[in-house]
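**Q** any chance you could fold what I've pasted below:
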Amino acid sequence: YNLDFPECFAGPDPFVLSRVSLDVEDSIATIMINRPDKLNALDPETVSQLGERFEEAQEDKSVDGIVIAGAGKAFVAGADVQFFVDKIRGDSLDKIQAFTEKGQAIFRAIEKSPKRVICAMDGLALGGGAELALSCHAIVATNRASMGFPETGIGIYPGLGGTQRLTRRLGLGLARYYIYTGAFLSSKDLARLNLADEVVGVEELDDAIAR
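**A** Residues are numbered from 1 along each chain as shown. Got it, this is the predicted structure:
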């Protein structure tokens, strides 16, 4: 068969699948992590694109506030475990270190942003997803949201700032409990412990964020 190769694949730059989108409407920038088939798990490419979209929103003078959300049934269900497995098996621990350092830098930029950053937490926020949520200035969660650090069950500690940010929010005792045990926080727990600034029904999420 003599088929023409699509022009979009023939350029000098490698084709990059968009995993994180940016939409600006009425001075609000919405950054959407879009890997629903992987529950929006964070791998190097996703983290890199998150940083790029966030920087774009920061530099856009028409933007007053930034919302970070996840597509599908999860906000962000942690880091992509397969990435860690592959790098450990390949004796490429330097790549894991680079991934962690970049994630820490981006989450710190979110935390220090002069623009208000809101986490729209609908569904699971686990591990790195919980750490991303905690780096935002406010969390608006739905009644089907939950948060936790299950990675401690396989010998991994929260490496993207979770040990510090959770402690600031809950105090040392409760932070130790949730990190050491990996216990999940339900939407009711998030409200009761003031981890979420507001908990609403799924259909009310957009209105709550706009307020």
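**Q** quick one: the helices in this structure?
**A** Defined through DSSP state H, the helices belonging to the chain, from first to last, are 44-59, 81-89, 93-111, 128-135, 162-170, 172-181, 187-192, 205-210.
**Q** pipe those helices into a markdown table and attach mean neighbour count per row.
**A** In short, each C-beta sits where N, CA and C put it, glycine included. What follows is the helices of the chain, written out as a markdown table (neighbours: other C-beta atoms under 10 Å):
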| stretch | mean neighbour count |
| --- | --- |
| helix 44-59 | 18 |
| helix 81-89 | 14 |
| helix 93-111 | 16 |
| helix 128-135 | 28 |
| helix 162-170 | 17 |
| helix 172-181 | 15 |
| helix 187-192 | 16 |
| helix 205-210 | 16 |
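**Q** quick one: which of those is nearest Ala29?
**A** Ala29 sits nearest to helix 44-59 of all the helices of the chain, at 3.9 Å, using C-beta to C-beta.
**Q** residues contacting that closest one, please?
**A** Residues from elsewhere that reach helix 44-59, judged by C-beta atoms under 8 Å, 6 or more residues apart in numbering: 16-22, 24, 29, 31, 33, 35, 40, 42, 63, 66, 68, 80, 83, 95, 98-99, 102-103, 105-106, 109-110, 113, 115.
**Q** for the protein, give me the ranges with low pLDDT.
**A** Across the chain, the stretches falling below the confidence threshold (pLDDT under 70) are 1-16.
**Q** hmm, 90 instead?
**A** Segments of the chain classed as low confidence (criterion: pLDDT under 90) are 1-18, 26, 43, 78-100, 151-160, 206-211.
**Q** tell me who's in contact with the closest residue to Asp23 other than its chain neighbours.
**A** Using C-beta to C-beta, 6 or more residues apart in numbering and skipping residues adjacent in sequence, the residue nearest Asp23 is Thr30, 4.8 Å away. For Thr30, the contacting residues are Leu22, Asp23, Val24, Ile66, Val67, Ala69, by C-beta under 8 Å, 6+ apart.
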